[in-house]
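Undergrad: next come a sequence and a model predicted from it.
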Amino acid sequence: MIPASFDYVRADSAEAALAALAEHGDEAKLLAGGHSLVPLLKLRLAVPAVLVDIGRLEDLSYIRDAGDHLAVGALTRHRDLERSAVLAEHLPLLAHTAHLVGDPQVRNRGTIGGSLAHGDPASDLPAVALATRATMVITGPDGERTVAADDFFAGFLETAVQPDELLTEIRFPKATGAAWSYQKFVRRAQDWAIVGVAVQGGATPGVALVNMASTPVRAAAVEAALASGADAATAAEAAPDGAEPQPDLQASVAYREHLARVLTRRALTASALG
Amino acid sequence: MLITVTVNGTERTDEVEPRLLLVQYLRDVLGLTGTHIGCDTSSCGACTVLVDGEAAKSCTILAVQVDGGTVRTIEDLAGPDGALDVVQEGFRQEHGLQCGYCTPGMVMASTALLAETPHPTDDEIREALEGNLCRCTGYTSIVASVRWAAEHADGRSPGAGSADGPAS
Ligand SMILES: Cc1cc2nc3c(=O)[nH]c(=O)nc-3n(C[C@H](O)[C@H](O)[C@H](O)COP(=O)(O)OP(=O)(O)OC[C@H]3O[C@@H](n4cnc5c(N)ncnc54)[C@H](O)[C@@H]3O)c2cc1C
Ligand code: FES
Ligand code: FES
């Protein structure tokens, strides 16, 4: 399969990427690791006139301890997340979940920024961003703005990032020593989740679901049940509340709802919540 | 766009369309047909090559993305005299292939694994090959092949072809 023709611009700085986006407007698309976008280009489901390659912005690839939070650059690859000593100590949920994305070849190329900005409800890392209550740093022509994970995922393959903007950093509250769990239900090891659940323990536990709506979603009803003292089994029953799972070749709506309950119970039990 | 890529130790400069996939560049422009196209949908790993030393699916990368970088393909593994490198030899000794279609990808993914983890457990081998599908072998003999290579490396770095000097 061969993509439709496009012009290619390689950005050597975030400023250059923003300038290219300003010049080409809606016609342009950013290319990070390309492991969501290149398959879409090949299927011609995406036909941008211009690709702006930000894949070499090394200065946006980092995992830093920033005191009360961890700052992760948008161009940080899944490979670097899964091997990070900083994450292993302060946010093991993110390192573990990154390790479950696709396969080694995918993790060698794909980035956290691409995973979040793509807005795919079947992606793993958005659920981690929701469960940990991460903050996205978005840079545009007027400078930086921050968006809470809860306000970031706008619709199917749609996020708060505007066509003239760049997701530059993700800020995760530290969760040193807190319990966590990620449950991913797949038919084969390398697959996308049929349903997934991320749980981050701490003062205010967070629970978020993969593939249970047209966006990644917070399991607010489970969080509320936990806050009012429900045990894991009872809280998990509320997992599908407020979600709107879609049927596909792999799972019906009822099966997805069942999986959400079972996986949430497992995740809560594994992290000794409820 | 003009790109310069070091492929199997030789610097190449070519004018390519931005939409040209790396696998097409290797096969159609450079004639390196050892890298196979299986699924063409990023799933099977038959197209796996090393990009800057790391396993990557060349059907999911644009040739322009590797401009200035290094690519190694299956053609680079055997010595100048045709002697198989240790990973290839492992696949031969342990019958790690039947039809052979997946084999270039399997061997390159295994080469990347052994460069980083010279003595992998069977679980680590299976995880490293998670992105490589084989419709023939049932995988057991592939795992045994990689294990054979790890046990017989004898100080040889896996995949020590032209990029690292001639294979011993
Ligand atoms: C075989 C295969 C299996 C996979 N399995 C999984 C899986 O199990 N779980 C999972 O979560 N993911 C999976 N993925 C997707 C993978 O995680 C991708 O790497 C990721 O979704 C996108 O990251 P990328 O860097 O490749 O982004 P790209 O493909 O380069 O970009 C994706 C989109 O995000 C935009 N974008 C990228 N970076 C930015 C930025 N910094 N600012 C603004 N917009 C940006 C692009 O314009 C594009 O629209 C899989 C992919 C493949 C090919
Ligand atoms: S041909 Fe590239 S992954 Fe199958
Ligand atoms: S040997 Fe035939 S596909 Fe693997």
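TA: That came in fine, so what should we check first? Because the structure is predicted, anything quoted here is derived from the model rather than measured. Ligands and ions are numbered 1, 2, ... in the order given.
Undergrad: just the pLDDT for B:Pro158.
TA: On pLDDT, B:Pro158 comes in at 61.
Undergrad: could you break chain B into its assigned domains?
TA: B:2-76, B:86-155 (automatic domain parsing).
Undergrad: out of these, flag the one nearest ligand 2.
TA: Closest of these to ligand 2 is domain B:2-76, at 3.2 Å (criterion: Cβ to the nearest ligand atom). All C-beta spots, glycine's among them, are computed from the backbone N, C-alpha and C.
Undergrad: quick revisit: got the domains of chain B as TSV, with mean pLDDT and distance to A:Ala46 columns?
TA: Shown next, in TSV, are the domains of chain B (pLDDT from 0 to 100; distance: least, Cβ to Cβ, whole Å):
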stretch	mean pLDDT	distance to A:Ala46
domain B:2-76	98	12
domain B:86-155	96	23
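Undergrad: any chance of a markdown table for those domains, columns mean neighbour count?
TA: Output for the domains of chain B, formatted as a markdown table (neighbours: other Cβ atoms under 10 Å in any protein chain shown):
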| stretch | mean neighbour count |
| --- | --- |
| domain B:2-76 | 20 |
| domain B:86-155 | 20 |
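Undergrad: need the ones you listed in a markdown table (columns: distance to A:Leu81).
TA: Converted to a markdown table, the domains of chain B look like this (distance: least, Cβ to Cβ, whole Å):
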| stretch | distance to A:Leu81 |
| --- | --- |
| domain B:2-76 | 15 |
| domain B:86-155 | 16 |
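Undergrad: adding distance to ligand 2, write these out as a markdown table.
TA: Conversion of the domains of chain B to a markdown table gives the following (distance: least, Cβ to the nearest ligand atom, whole Å):
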| stretch | distance to ligand 2 |
| --- | --- |
| domain B:2-76 | 3 |
| domain B:86-155 | 7 |
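Undergrad: for ligand 1, find the nearest of those domains.
TA: Nearest of the domains of chain B (Cβ to the nearest ligand atom): domain B:2-76, 3.7 Å.
Undergrad: hmm, that closest one touching chain A?
TA: Yes: applying Cβ under 8 Å from any Cβ of the partner chain, one finds domain B:2-76 in contact with chain A at B:17-19, B:21, B:24, B:40-43, B:45, B:48, B:51, B:54-57, B:60-62, B:64-65, B:67.
Undergrad: picking up where we left off before, mind checking which of the domains of chain B is nearest ligand 3?
TA: That would be domain B:86-155 among the domains of chain B, by Cβ to the nearest ligand atom, at 3.2 Å.
Undergrad: mind checking how far the closest one is from the chain centre?
TA: 11 Å (Cα atoms, centre = their mean, to the nearest Å).
Undergrad: would it count as contacting chain A?
TA: Yes: when contact is scored as Cβ under 8 Å from any Cβ, part of domain B:86-155 falls within range of chain A: B:Ala109, B:Ala112, B:Leu113, B:Glu127, B:Ala128, B:Glu130, B:Gly131, B:Asn132.
Undergrad: residues in contact with stretch B:6-19?
TA: Residues from elsewhere that reach stretch B:6-19 (Cβ atoms under 8 Å, 6 or more residues apart in numbering or on different chains): A:2-8, A:41, A:51, B:1-5, B:25-26, B:29-30, B:32, B:62-64, B:69-73, B:75-76, B:161-163.
Undergrad: among those, name the ones in helices.
TA: Counting by DSSP state H, the contacts of stretch B:6-19 place A:Leu41 in helices.
Undergrad: which one of the domains of chain B lies nearest to A:Leu259?
TA: With Cβ to Cβ as the measure, domain B:86-155 is the member of the domains of chain B nearest A:Leu259 (21.8 Å).
Undergrad: quick one: is the closest one near ligand 3?
TA: Yes: Domain B:86-155 lies within reach of ligand 3 by Cβ under 6 Å from any ligand atom, at B:Leu97, B:Gln98, B:Cys99, B:Gly100, B:Tyr101, B:Cys102, B:Thr103, B:Cys134, B:Arg135, B:Cys136, B:Thr137.
Undergrad: ok, A:Arg64 to ligand 2 distance?
TA: The gap separating A:Arg64 from ligand 2 is 33 Å, by Cβ to the nearest ligand atom, to the nearest Å.
Undergrad: the residue lying closest to that residue once chain neighbours are set aside: what secondary structure?
TA: Of all residues not flanking A:Arg64 in the chain, A:Ala71 sits nearest, at 4.6 Å (Cβ to Cβ, 6 or more residues apart in numbering or on different chains). Put simply, A:Ala71 is strand when judged by DSSP: H, G, I helix; E, B strand; the rest coil.
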